[in-house]
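Trainee: Structure here, sequence nowhere to be found:
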């Protein structure tokens, strides 16, 4: 399965996840789930950006790790619950 996952992801020119990857992730295949999480990783990171404060009270933009972890968890739950 692992070789099939890598070749399917590399050959997709439009940036979409192949159906076989989605199907495998839906069935709980760990490598396929990892591919889906990596595919949406940058989007989840951008949604997780927040104004944060350091010890001196300075404001900066950073990743809210709790939000990113929740988004990752929700994506995994949605993949497993999706009816194909």
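Mentor: Happy to help now that I have it. In this text, all values refer to a predicted model and were calculated from it rather than measured experimentally.
Trainee: Strands of this structure, start to end?
Mentor: Secondary structure of the chain by DSSP state E: the strands cover 49-53, 59-63.
Trainee: name the helices or strands packed onto the first one?
Mentor: Same thing as strand 49-53. Secondary-structure packing of strand 49-53 (3 or more CB pairs under 8 Å, 6 or more residues apart in numbering; DSSP states H and E): strand 59-63. Quick note: C-beta positions are derived from backbone N, CA and C, even for glycine.
Trainee: Check the last one too.
Mentor: Contact partners of strand 59-63 among helices and strands, from 3+ CB pairs under 8 Å, 6+ apart: strand 49-53.
Trainee: Show the low-confidence segments of the chain, by residue range.
Mentor: For the chain, the stretches with pLDDT under 70 are 1-13.
Trainee: tell me the residue furthest from the middle of it?
Mentor: In the chain, residue 56 marks the outermost C-alpha relative to the chain mean, sitting 33.3 Å out by CA atoms, centre = their mean.
Trainee: who's in contact with that residue?
Mentor: Contact analysis of residue 56 by CB atoms under 8 Å, 6 or more residues apart in numbering lists nothing.
Trainee: how about the helices in this structure?
Mentor: Secondary structure of the chain by DSSP state H: the helices cover 2-10, 19-26, 30-39, 41-47, 65-81.
Trainee: Present those as CSV; the columns should include mean neighbour count.
Mentor: Converted to CSV, those look like this (neighbours: other CB atoms under 10 Å):
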stretch, mean neighbour count
helix 2-10, 13
helix 19-26, 17
helix 30-39, 16
helix 41-47, 13
helix 65-81, 13
